[in-house]
Structures are given as C-alpha cells and as structure tokens.
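> mind looking at a prediction? Sequence and model below.
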Amino acid sequence: MFRSLEEVGERLRCTGYIADSIATTTVYLAARLQKPLLLEGPAGSGKTQLAYAVADAADTIVERLQCYEGINEEKAIGKFDEPLQRLCVELKSRSDSIDWECLRTELHSQQFFSAGPLLRALQYEKPCVLLIDELDKVEHAFEAMLLELLSVWRLSIPKLGTIQAKSIPFVVLTSNEERRIGDPLRRRSFYLRVEHPTAEREAEIVALRTPESSREFHARMAGLAKALRGWSLEKPPSVSEILDLAQALRVLGTEQITAEMRDILLPLLAKTEADRRKLHLRDGFASLIFDAQQYSAEALQGNAV
C-alpha cells in the first residue's frame, strides 16, 4: 500500500490526519507485514478516522463492520439469499430434465450468497481497508470467529466452503475499552494507544480544516477542547465535534469565544442534560473559558517553538 515510511506520513497529512511518528511507523509496518492494527482509546479520539485516512492515503476503499451487542456471523460474513434460491428452484423445476444434484451445488455457490463486509474485504483485486469498529461491544465468541480471517486470510462458510483472500486487506480493529479485547486477537495485531490530541496537535488539525482562519483561532479551538475534556463531562467532545464548532463559529462570523456566548454555544458543546446543566452555570462557564484561554496560550507557544 505504501512504498516508504515517508510516503505514509506525507499521504496521511494530505488527507487531513496528523499522525505522530509512532503512529505513522506502526501503520507502515502493519501494511508491509500484513498485520491487523488494534487501536484503543477514548471515544472520539480519532481511531475510526485513522482507518479512513489510511484508505484515502492508499487510494482504496473502506469495508466497515460496525460492531454492536448481538451482532452475528450473518451480519459480518453474509448469508444465502433464500428468496433468490427459491425462485431459482421454481424456475428450474418446470423443466422435465432437472439434475437436482447440480442444482443443489448451484444454490450453494457465491452467486446466491449475499456477502457481508468481512467476505467482501477478501474479494477485492486491490487491498482495501477493513475497519472492524468498536470490537469491545461484542462477546469473545464473536472475536474467535475473526481468528481464521486474521491468521490465514480466509473464511470457512458452511455450505459455501472456504473462501481464500484475493488480496489481503489492511485491517483496523478499534476499541473504546468497554471490555477487554482477548489475547488471541492482541497476539495477532500491532497495538496503538490513541488518546485525544495535545492542544498543539489539535490546533494543527483545526488549521488544516480552517486554513483561512487565524493561528489564534486555531489555538482557541484547541484550548477549549482541552478545557472541556478536563471538566469530567459525561460526553467530552471528540476531535470531529471541535471541528464542527470551528465551522459553526465561522458561519457566525466570529473567531472569539467569550463567557457571554454560553447560551449560543451550549447546543454545540453539551450533548447530555447533565453536561448542559454543568456548563449552564455562569461562573462555571466563565471558569471554563478562562482555562481555555490558558491552554490556547500554551498551544500558541508550543507551535511557535
């Protein structure tokens, strides 16, 4: 997917994803050695976005398996299209000379199988990015189903048979740490801890998305993000939410964030009722803005250095 380590860093940055040297090197090695990449960290820290950035950087597509409680193999791998199978049987049965054994074989072929993201990821001529998102939401039994895929790059499907990969996808597993991912998957993967970015790095991220705004504005956004995440909110802001806020302020025609803007900004900053009540305190919001200004100054100083 990438010819050199330098190419990974350059291409990721071109997509708008600013990765440090550790992340860049790990992505490069995972791609070259065909190892899954396990990303763990708080929600909204950029784990999923890294998978899409790698796909953009490699000029390929993402096959995404969004995990949730109760997901099964049919959703992940796929299933036979039974209505289409019945229709085929009805049409073929009208013939006087029907070979039922050949028909049975035909019905259990890939043309009657509706592929899920795991199977689709193996069938591309050019490697795709396979994103298995929020793996911590499923049970260990579902994890075990992934081991064959991540070990020998094939899937054994009842009645259909064993499907070998045409190309080996770049696999990204993400976890918000609602439960611990099992050791068998960890052994097969490279591991990256993904935290919310530092104020300096977040200012760079905002700058990439709002290049027409001032350095001071980029620092203010980063400072506000750091202040909010330090307030023990139920739903601290993600990087993407800070980018949304930056865009909203541009629409409003201002680069300033003041305590008097509390009521205007609350719908953008507070995503739960408990957080809204906490930020609704005037002295509290003023204190938050004060903290944000201090962090903004640190971000400006750090970027200057």
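Structure received. These numbers come from a predicted model, not from an experiment. Numbering: from 1, shown residues only.

> would you map the helices across the stretch 1-150 of the chain?
Counting by DSSP state H, counting those that start in this stretch, the stretch 1-150 of the chain has helices at residues 5-14, 21-33, 47-57, 73-76, 82-93, 100-107, 117-122, 140-152.

> pLDDT on the shortest one, on average?
The average pLDDT within helix 73-76 is 92.

> do the same with the first one
Computed over helix 5-14, the mean pLDDT rounds to 93.

> and the contacts of it?
2, 18-19, 21, 24-25, 27-28, 31, 53-54, 56-58 (Cβ atoms under 8 Å, 6 or more residues apart in numbering). The way it works is simple: take the backbone N, C-alpha and C, and place the C-beta from them, glycine included.

> swap in the third one?
Under the contact criterion Cβ under 8 Å, 6+ apart, helix 47-57 has outside partners 1-2, 8, 11-12, 14-17, 19, 23, 27, 31, 39-41, 61-62, 64, 128-129, 131, 133, 170, 172, 174, 194, 239-240.

> just the buried ones from the residues you listed, in PyMOL syntax?
Selection of buried members from these for PyMOL, criterion 16 or more other Cβ atoms under 10 Å:
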select buried, resi 1+2+8+11+12+15+17+19+23+27+31+39+40+41+62+64+128+129+131+133+170+172+174+194+239
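
> packing partners for the biggest helix by length in the chain?
Criterion DSSP state H: the longest helix present in the chain is helix 282-304. For helix 282-304, the packing partners by 3 or more Cβ pairs under 8 Å, 6 or more residues apart in numbering; DSSP states H and E come out as helix 199-209, helix 215-229, helix 273-280.

> quick check: mean pLDDT of the next helix or strand after the longest one?
Counting by DSSP states H and E, the next helix or strand C-terminal to helix 215-229 is helix 239-252. The pLDDT scores in helix 239-252 average 92.

> by how many degrees do helix 239-252 and helix 47-57 diverge?
80 degrees (axes from the mean of the first three to the mean of the last three Cα atoms, to 10 degrees).
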